[in-house]
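Visitor: need the 3D shape of this:
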Amino acid sequence: MEKLSIKEKIGFALGDGAANIAWRGVSTFLLIFYTDVFGINPAAVGILLLIARFSDGVSDVAMGIIGDRTNTRHGKFRPWILWSAIPLGISLSLLFTSPNLSETGKIIYGYTTYIIFTLVYTANNIPYGALMAVMTGDDKERTSLGSYRMVGAFAGGMLVQGALLFLVASFGNINPTVTVNKIEDKKYEVSVSSHESVENVNIKTKDGIATFVWSGKATDSLNVPTKGKSISVEADKSYDFIVSGEENITPEAITVIDQKKGYGYSIYLLSVVLAICMIVTFYTTKERVSPPKDQQTNLGKDMKDLITNRPWIVLLIIGLVFQVYNSIKQGIVVIYFSHYLNNQLLAASFMVALMLASIAGAMITSPLARMVGKRNLFIYAFLFSGFINALIIFCGPGDIAGIYALGILSEASAAIFPTLFFAMLGDAADYSEFVHGRRATGLVYSAGSFSTKLGGGVAGAIIGFVLAYFNYDGMDEVAIQGAIPGIKMLMSWIPSVVALVGAGTMALYPLNQKKMDEITSELQRRRTLQA
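Guide: Reported below is the predicted structural model:
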């Protein structure tokens with residue numbers, strides 16, 4: 001029941017900050033990287049994400065079992081955070097590395113690196129999640145720790161979502177030669193060349209408003225006006241366009257970005273930050289709660305206790321649902337801003353705003369939970385966030401303020417989901433010990449973590465299938481414009497339907513605050529007797 005110091009809470013929070021550099025980086029940018037940069041079909045990407053997440057289930061449960069049976073002088077779970085810190089950074093870097101392969105080779109590389117990443121992430125994140133339940137036996141202190149954790153998580157997410165696109169633009173700049181000749185008002189002839197050959201260069205104006213057509217070619221189905229061009233350039237060869245729709249276009253207003261290089265170097269840098277933060281978490285935290293001294297290792301009993309643990313079963317479904325909701329919202333942002341609002345860099349400031357809203361949401365979760373209870377707060381957050389998010393469907397490309405306002409309100413409420421969820425998994429572990437006299441913290445958290453990972457895979461599949469239904473092709477501007485209705489749906493009411501399902505499911509959760517107070521007091525009594 002020892003109270004945790006601010007230093008230890010911050011140290012613990014840095015771990016989820018690091019994890020979210022990986023998690024948010026993958027959930028927000030991997031889909032657009034695969035489709036627009038690496039060149040994989042969106043339907044194939046959707047299947048890849050879903051299958052890889054299903055395969056995660058076995059490794060999650062296995063890691064929970066391994067964690068419960070790990071015994072070192074540093075504890076059961078902390079050592080895994082240290083051991084996996086550097087491998088996690090390396091596997092994240094491999095995800096955003098784009099070797100020159102055939103279409104089949106790209107898919108094989110995608111499956112291989114993504115599955116490796118999920119395995120290493122599991123070896124890191126399952127012990128990290130379980131660590132929260134053994135740092136303190138006080139469920140209220142655990143809720144406070146959960147708030148710190150989510151502030152750290154959202155800070156890490158803000159770092160990757162706010163900085164990555166700017167880092168891509170910086171690292172991917174190929175220093176091209178650009179000439180601009182004005183033809184008439186809002187119409188220019190633009191010539192671009194590079195001293196090196198580069199695959200998949202993205203050419204557009206900084207404001208993203210002007211349309212491009214190839215110079216000297218008829219405007220037909222093969223040369224329609226598009227807001228930018230994605231091409232491969234040969235060294236010292238000139239590429240000429242007619243650019244229309246903006247005033248005062250200068251060479252400096254034309255951006256020419258090597259996206260493969262930009263994404264690769266940016267992720268390499270962030271992976272170093274990730275590894276450092278994980279190592280700090282290991283050195284600043286301590287494990288205090290252990291299983292009952294007379295508990296014998298028995299996997300069969302652990303599994304039986306788990307499948308009869310009703311609070312955990314409800315949380316298993318809730319983890320899946322809220323992660324589908326959040327991952328759809330996160331996964332479509334860059335595509336929405338790039339192709340509907342025609343301003344990719346604006347997505348960075350939008351995601352920073354959402355992260356700040358998430359931090360605020362995480363900080364108010366603990367006092368709100370004390371007022372209305374965790375279960376009721378979860379339901380209210382689902383309903384409010386889903387309703388607000390659905391309103392985005394009514395926003396046009398010029399309604400930037402409205403999109404920001406609705407996104408911020410929805411995200412502040414959605415931040416409550418993970419903050420409560422991981423604290424409530426600790427409650428489910430307490431409930432199992434209260435009823436059965438046995439504790440398998442790692443197993444409880446591993447299965448709960450699997451549900452959130454599977455939710456991310458399901459969300460990726462939903463995004464991929466919807467985009468494929470609308471014939472989205474990230475390297476074809478004409479196809480992109482035809483997929484705008486699907487992009488708008490994914491940004492607005494599709495995740496809101498998922499939120500309604502979550503609210504209904506949470507109504508089945510059986511642990512209110514009165515019951516948790518009873519469980520906490522009884523477990524403390526038992527531990528005192530055993531001491």
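Visitor: quick check: next helix or strand after the helix or strand hosting Ile364?
Guide: Applying DSSP states H and E as the criterion places Ile364 in helix 344-372. Once helix 344-372 ends, the next helix or strand along the chain (criterion: DSSP H and E) is helix 374-390.
Visitor: elements contacting that next one?
Guide: For helix 374-390, the helices and strands in contact under the criterion 3 or more CB pairs under 8 Å, 6 or more residues apart in numbering; DSSP states H and E are helix 310-339, helix 344-372, helix 400-414, helix 416-436, helix 493-506. (Each C-beta comes from the backbone N, C-alpha and C, glycine too.)
Visitor: could you dump those helices into JSON lines with distance to Lys515 and mean neighbour count added?
Guide: Formatted as JSON lines, the entries for those read as follows, by distance: least, CB to CB, whole Å; neighbours: other CB atoms under 10 Å:
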{"stretch": "helix 310-339", "distance to Lys515": "9", "mean neighbour count": "24"}
{"stretch": "helix 344-372", "distance to Lys515": "14", "mean neighbour count": "20"}
{"stretch": "helix 400-414", "distance to Lys515": "25", "mean neighbour count": "20"}
{"stretch": "helix 416-436", "distance to Lys515": "8", "mean neighbour count": "25"}
{"stretch": "helix 493-506", "distance to Lys515": "16", "mean neighbour count": "21"}
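Visitor: out of those, which gets nearest to Ser5?
Guide: For the helices and strands packed on helix 374-390, distance to Ser5 was read as CB to CB. The smallest value, 16.8 Å, belongs to helix 344-372.
Visitor: please enumerate the strands of this structure.
Guide: Taking DSSP state E as the criterion, the chain contains strands spanning 177-184, 187-193, 198-205, 211-214, 229-233, 239-244, 254-258.
Visitor: okay, those, which one's buried deepest?
Guide: strand 254-258 (a mean of 23; mean count of other CB atoms under 10 Å).
Visitor: coming back round to it: I'd like the helices and strands packed on helix 374-390 laid out as TSV, including mean pLDDT.
Guide: TSV is the format used below for the helices and strands packed on helix 374-390 (pLDDT from 0 to 100):
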stretch	mean pLDDT
helix 310-339	92
helix 344-372	88
helix 400-414	96
helix 416-436	88
helix 493-506	96
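Visitor: any chance of those in CSV, with distance to Asn202 too?
Guide: Formatted as CSV, these follow (distance: least, CB to CB, whole Å):
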stretch, distance to Asn202
helix 310-339, 10
helix 344-372, 9
helix 400-414, 22
helix 416-436, 33
helix 493-506, 27
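Visitor: pLDDT score assigned to Ser55?
Guide: According to the prediction, Ser55 has pLDDT 68.
Visitor: what's the answer for the one 10 residues further on, then?
Guide: In this prediction, Ile65 carries a pLDDT score of 85.
Visitor: contacting residues around it?
Guide: The neighbours of Ile65, taking CB atoms under 8 Å, 6 or more residues apart in numbering as the test, are 299, 302, 442-443, 446.
Visitor: out of the helices and strands packed on helix 374-390, which comes closest to Ala85?
Guide: Set against Ala85 and scored by CB to CB, those come closest in helix 416-436, at 20.0 Å.
Visitor: that closest one vs helix 344-372, what angle?
Guide: Put simply, helix 416-436 runs at 40 degrees to helix 344-372, going by axes from the mean of the first three to the mean of the last three CA atoms, to 10 degrees.
Visitor: looking at it, Ala499 is touching Asn389, isn't it?
Guide: Yes. Under the criterion of CB atoms under 8 Å, Ala499 lies in contact with Asn389, with a separation of 7.3 Å.
Visitor: contact partners for the nearest residue in space to Lys261 that is not next to it in sequence?
Guide: Nearest-residue entry for Lys261: Gly172, 5.2 Å, with adjacent residues in sequence omitted and distances by CB to CB, 6 or more residues apart in numbering. Taking CB under 8 Å, 6+ apart as the criterion, Gly172 is in contact with 257-263, 265.
Visitor: in terms of pLDDT, where does Gly172 sit?
Guide: With respect to pLDDT, Gly172 has a value of 89.
Visitor: quick one, phi psi at it?
Guide: The phi/psi pair for Gly172 (degrees, to the nearest 10) reads phi -90, psi 0.
Visitor: for Arg439, same thing?
Guide: phi -140, psi 130.
Visitor: in the stretch 51-200 of the chain, where is pLDDT below threshold?
Guide: 55, 57 (pLDDT under 70).
Visitor: repeat the analysis, applying 80 as the threshold.
Guide: Within the stretch 51-200 of the chain, the segments meeting pLDDT under 80 span 52-58, 61, 137, 139-140, 199-200.
Visitor: helices of that one, start to end?
Guide: With DSSP state H, counting those that start in this stretch as the definition, the stretch 51-200 of the chain shows helices at residue ranges 78-95, 103-135, 139-171.
Visitor: which stretch among those helices comes nearest Asp56?
Guide: Checking the helices of the stretch 51-200 of the chain against Asp56 by CB to CB gives helix 103-135 as the closest, at 4.9 Å.
Visitor: elements contacting that closest one?
Guide: In terms of contacts (3+ CB pairs under 8 Å, 6+ apart), helix 103-135 is packed against helix 6-25, helix 42-68, helix 78-95, helix 139-171, helix 416-436, helix 441-469.
Visitor: quick one, it and helix 6-25 angle?
Guide: Using the same axes, to 10 degrees, helix 103-135 lies at 160 degrees relative to helix 6-25.
Visitor: which parts of helix 103-135 are buried?
Guide: Along helix 103-135, these residues count as buried under the neighbour rule (16 or more other CB atoms under 10 Å): 106-107, 109-111, 113-135.
Visitor: my guess is Thr205 contacts Ala253. True?
Guide: Yes. Counting by CB under 8 Å, a contact exists between Thr205 and Ala253, whose distance comes to 5.3 Å.
Visitor: which neighbours do the two share?
Guide: Counting by CB under 8 Å, 6+ apart, the common neighbours of Thr205 and Ala253 are Glu246.
Visitor: now do the contacts for Ala369.
Guide: When the contact criterion is CB under 8 Å, 6+ apart, the partners of Ala369 are 143, 377, 420.
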